[in-house]
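Trainee: just the structure for this:
(one chain, ligands or ions: 1)
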Amino acid sequence: MRSSSCIPAHRTALPIHTKTSCLTTCSTFSVPSVDGAPVTTPPEVRITHIGGPTVLIEVGGWRLLTDPTFDAPGQRYRFGFGTGSVKLAGPRVAAQAVLPIDAVLLTHDHHADNLDTAGRALLPLANRVITTASGANRLGGNAVGLTPWATHALQHEGRPTIHITATPCRHGPPGSHALVGDVIGFSLAWDNQAHGTLWISGDTVLFDGVREVADRVTVGTALVHLGGVRFPVTGPLHYTMTASDAVKLCALMAPHTFIPVHYESWYHFTQGRLDVERAFAGAPASVRERVRWLPVGEGAKIHV
Ligand SMILES: [Zn+2]
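Mentor: This is a model prediction of the structure:
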């Protein structure tokens, strides 16, 4: 358990998914019952990296899917304003195999490396789709729109309630919002998390909005979109975090577990696993040891 994660109660006025809440959740988890009442343990969490940004999260009976991408490789996609890419690898788990899905957590709906044609076909099969406010307007149907720091609760009898808070993203250099559109990340909180929330960064560069997440939320497990996305038409500008950004973020946020995603399977990703591993190899052990690579296509138990 992080010694620092439960301290700064004064730093936030937000509800239970914040650093304040850890005062409760950490003590609930670590202090044995003295009155004979059962001590609640955290629900088991299983995370399957399916490819790109697509991850299946199974927790306490819930099945949540992030950024569905299930198209076969080889296709070319346009992202707008002269940018585009080719998909290089298909999903390691078939779309039908992830069903049923309670909620899709869609960081943005308008880029094919986060929502492709086969992924889009899955959306009506989920109970709900949680995404940006503008994306929910475009998608309609079962979509719920969130602006940064708004929260939506998933509730179901017999399952832990999951509070999903949208977190800020900036999917490119300063001033790029008009071109790249709305993107959000997600912080998932449920009772008795051992280390803090499960955070999905979304496609973002390392900017003040992400630093604000590190400041306001006790993140226990971070699923971080990397890849160092660049496009020839905009030269050296980045649209997602680089390997060195990943090291900086991991040092700043200090999650118990730092899981890279969105670093393979696409032509426009300029940095893959080797680049990220190299960057972390030069980091202090206290940062390096937080990184965990999920085997793509296989579920892994994560202590959230
Ligand atoms: Zn994108």
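
Trainee: for residue 48, list each beta-bridge partner.
Mentor: residue 56, residue 299 (DSSP bridges).

Trainee: make sure it is actually in contact with residue 64.
Mentor: No - look at residue 48 against residue 64 with C-beta atoms under 8 Å: they stay out of range, at 11.0 Å. Any C-beta I mention is one placed from the backbone N, CA and C, and that applies to glycine too.

Trainee: so what sits against both of these two?
Mentor: Counting by C-beta atoms under 8 Å, 6 or more residues apart in numbering, the shared contacts of residue 48 and residue 64 are 56, 58.

Trainee: tell me which of the two has more neighbours.
Mentor: Using other C-beta atoms under 10 Å as the criterion, residue 48 and residue 64 rank with residue 64 on top: 24 against 21.

Trainee: and the helix or strand hosting the more buried one, which strands flank it?
Mentor: Here residue 64 sits within strand 62-66, counting by DSSP states H and E. Partner strands for strand 62-66, per DSSP bridges, with pairing direction: strand 54-59 (antiparallel), strand 103-105 (parallel).

Trainee: contacting residues for residue 88?
Mentor: 73, 264-267.

Trainee: again but with residue 86, I slipped
Mentor: So residue 86 contacts 74-77, 266-267 (C-beta under 8 Å, 6+ apart).

Trainee: which two from these end up farthest apart in space?
Mentor: Greatest spacing in the contacts of residue 86, by C-beta to C-beta: 74 and 266 (11.9 Å).

Trainee: between the two, what contacts are shared?
Mentor: With C-beta under 8 Å, 6+ apart as the test, residue 74 and residue 266 both reach 86-87.

Trainee: the two: who's more crowded?
Mentor: residue 266 (22 against 10).

Trainee: check the closest residue to the ion within the stretch 1-150 of the chain and give its pLDDT.
Mentor: Relative to the ion, the nearest point of the stretch 1-150 of the chain is residue 111 (3.3 Å; C-beta to the ion). As summarised for this prediction, residue 111 has a pLDDT of 92.

Trainee: pull the number of nearby residues for it.
Mentor: Using other C-beta under 10 Å, residue 111 is surrounded by 25 other residues.
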